[in-house]
Every structure is written in C-alpha cells, then in structure tokens.
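1. with the input below, show me the fold.
(one chain, ligands or ions: 1)
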Amino acid sequence: MRFLKAILGGSAIAGLSAFAAHAQDVAGRPSEGGLWFQKSATPVMEQLQDVHNLVFVIICGIVVLVVALMLYIMIRFREKANPVPSKTSHNTMIEIIWTIAPVILLLIMVVPSMQLLYYQDRLPETEMTVKVVGNTWNWQYSYPDYEDIDEIISNPLDETQAQENGVPYLLATDAPLVVPVGTKVKVLVTSVSNMHSWAVPSFGVKMDAVPGLVNETWFEVYEEGTYYGQCSEICGILHYKMPVEVRAVSQADFNQWVANGGSFTEAVAENTTQQNTSGAAVLAARD
Ligand SMILES: [Cu+2]
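-> Model (predicted):
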C-alpha cells in the first residue's frame, strides 16, 4: 500500500512538474517534450482552446465525483459492515438527479461546441483565397487571386539541409505557403491522388484533402512568423514527408512578394521544386 502510494504520489508530482515545465510557449511549432496545445495563432485556435478548457474542467469534475462516490459505496456498504443487505431498489429523487444533471452538463458543452464548429467551418467575408492540393507526396499551393504567382510545390528539406539552417527536420520545407497577417484567408483543400489532411495545429486547422471534393476552411494569423503542421491523414509510404509550412508576413511584405512573382528578393527565384540543391541555396531561393 505504501509502495502504491509512493508510486501514485511520485508520478502525480512528476506529471505536474513536467506539465508546468513543458507547456508549449513557442507559436507555430511543437516544443521538445511539450504537453498541451501549441500556442494559438488564430481566433479559431483561441476559441478551440477555450472550449477545450471548459470541457476539461467539467470532465475532471465528473471523474472526481464518480471516484468519490465509488469509494464511499465500497466502504460504507461493504459486506462486513452490512451483514443483512439493504433491499432498497429505487430512489426517485436520486434517479431524477442523475438524469437531469448529465443533461445540463451536456447542454453546457454542446452550445459552445456547435458555435465553434460553425465558426471554423466557413467564413463568408474572407479576403483572399489559397488553394491547397495534396499530391503523392507533397503539397501544392496556388493563389487564384494572383495570376502572376506560379503554383508552389512544397517539399520537406532533407535532414542535412534542416540542420544547416537550424530549422526543424520534417517540418521545414523548401517553399512555404506565404500569407499576410491580419487577413482572413479562405483555404480550399483537395487532392489529386489519395486522401491527405492539411493541418496546422496552432491555427486550429485540420482539413481533409479528398480527390473529387473541395473542402473549405479559413484562418487569420495574428502575428508574423513561421507556422508548421503535417499531413494528418495516414496517406501511404511517404506520409511523414508531407510537412506544412506557412509563413505569415506583413501586408507590405506580402504585396512585395506578389509583385516579385512569388519571391521576397527582386530576382524571381527558380521555382523550388528541386530537392538536390544545398540547404542554403534552397532557403535563399525561398526568401
Ligand atoms: Cu498525406
């Protein structure tokens, strides 16, 4: 018993301190050993975390209540203390309580859940559109609003390139999706091959890419930065090599990028589909 207590006490303390130490505070990427969500970067993710926190508190309360009731019953009504068992089979008041209380709890959870579901589903007043196509095995981005921007094929940097540039391997790509901050971006997601899912955790976005079907979602990034995600539908042998990289820049930088035909430098970069160039060259090209 003492041994069990030590293990439970020890792991609870270890768990709590690990949790405190590993709350994720860097936006856009997972932190080493991190728990909980990535820091939110969009209004959808902010609301998603609020709903999660509400539900989390409720389910923790339910767990504590049920465990306490079970312990009480196990001790109070154990065989030794009750040589003659009670023959009680009904208690109307208790039945009313255990019917109505869960209904109220479900209503408290369902209202914000449905509001969020509709909020993240689609937004009529989006300001620009990007199209995301899942290929076997990379992501392809296009900008229907900007004719001069060629389609972007986004492949992951290999391990050496990632190390050389201090960017996360299997998250960083040779050509990110570029969007302006503070803009409501409509995202059309589809696939030409098998099913994929375009997901960016800090955006609260995870949208299935299905051949023959165009799914719609949206996001609005608050701050400039690089945000990572991954294909989140097991799609086959190179599923792990379909990272998502979104680079959010100021509106002025975005306009410049559009004016340069999809490049941050004056010279229009080669479309960065080739994988064999060195990491520095690849990063220079995409900047
Ligand atoms: Cu995929």
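2. what distance do you get for the residue nearest the centre of the chain to the ion?
-> Nearest to the mean C-alpha position of the chain, by CA atoms, centre = their mean, lies Pro201 at 2.1 Å. Per CB to the ion, to the nearest Å, Pro201 is found 16 Å from the ion. Yep, even glycine has a C-beta here, placed from its N, CA and C like the rest.
3. then Val26?
-> From Val26 over to the ion (counting by CB to the ion), the distance is 25 Å.
4. please begin residue numbering at 19 from this point
-> Okay, using 19 as the starting number, the last item reads as Val44.
5. that residue against Phe55, yeah?
-> No: look at Val44 against Phe55 with CB atoms under 8 Å: they stay out of range, at 11.9 Å.
6. show me which of the two is the more surrounded one.
-> Phe55 (16 against 12; other CB atoms under 10 Å).
7. so what pLDDT did the spatially closest residue to the more buried one that is not a sequence neighbour get?
-> Of all residues not flanking Phe55 in the chain, Gln67 sits nearest, at 5.8 Å (CB to CB, 6 or more residues apart in numbering). Per-residue pLDDT puts Gln67 at 95.
8. can you tell me how far Gln67 is from the ion?
-> Distance from Gln67 to the ion, by CB to the ion: 26 Å.
9. buried residues in the strand or helix carrying Phe74?
-> Element membership for Phe74, per DSSP states H and E: helix 61-94. Buried residues in helix 61-94, counted by 16 or more other CB atoms under 10 Å: Pro61, Val62, Met63, Gln65, Leu66, Gln67, Val69.
10. kindly report the same for stretch 54-61.
-> Phe55, Gln56, Lys57, Ser58, Ala59, Thr60, Pro61.
11. now do it: distance to the chain's middle.
-> 8 Å (CA atoms, centre = their mean, to the nearest Å).
12. might you list the low-confidence residue ranges for the stretch 19-168 of the chain?
-> 19-43 (pLDDT under 70).
13. that one: strands as residue ranges?
-> Taking DSSP state E, counting those that start in this stretch as the criterion, the stretch 19-168 of the chain contains strands spanning 146-152, 157-160.
14. which one of the ones you listed is the most hemmed in?
-> Comparing those by mean neighbour count (mean count of other CB atoms under 10 Å), strand 157-160 ranks first with a mean of 22.
15. for the following helix or strand past that strand, give the mean pLDDT please.
-> Using DSSP H and E, the helix or strand that directly follows strand 157-160 along the chain is strand 170-172. Mean per-residue pLDDT for strand 170-172: 95.
16. and strand 170-172, what does it pack onto?
-> Packing contacts for strand 170-172, counted by 3 or more CB pairs under 8 Å, 6 or more residues apart in numbering; DSSP states H and E, involve strand 157-160, strand 261-267.
17. which of the ones you listed sits closest to Gly184?
-> strand 261-267 (14.4 Å; CB to CB).
18. what about the closest one, near the ion?
-> No: in terms of CB under 5 Å from the ion, no part of strand 261-267 sits within range of the ion; the closest distance is 10.0 Å.
19. so in that sheet, which strands flank that strand, and in what orientation?
-> strand 195-198 (parallel), strand 243-249 (antiparallel) (DSSP bridges).
20. out of the ones you listed, which gets nearest to Gly184?
-> Between the strands paired with strand 261-267, strand 243-249 lies closest to Gly184; by CB to CB that is 11.9 Å.
21. ok, back up a step: Ile91: which of the strands paired with strand 261-267 is closest?
-> From those, taking CB to CB, the stretch that ends up closest is strand 243-249, at 46.0 Å.
22. how far off strand 146-152 does that closest one point, in degrees?
-> With axes from the mean of the first three to the mean of the last three CA atoms, to 10 degrees applied, the angle from strand 243-249 to strand 146-152 works out at 40 degrees.
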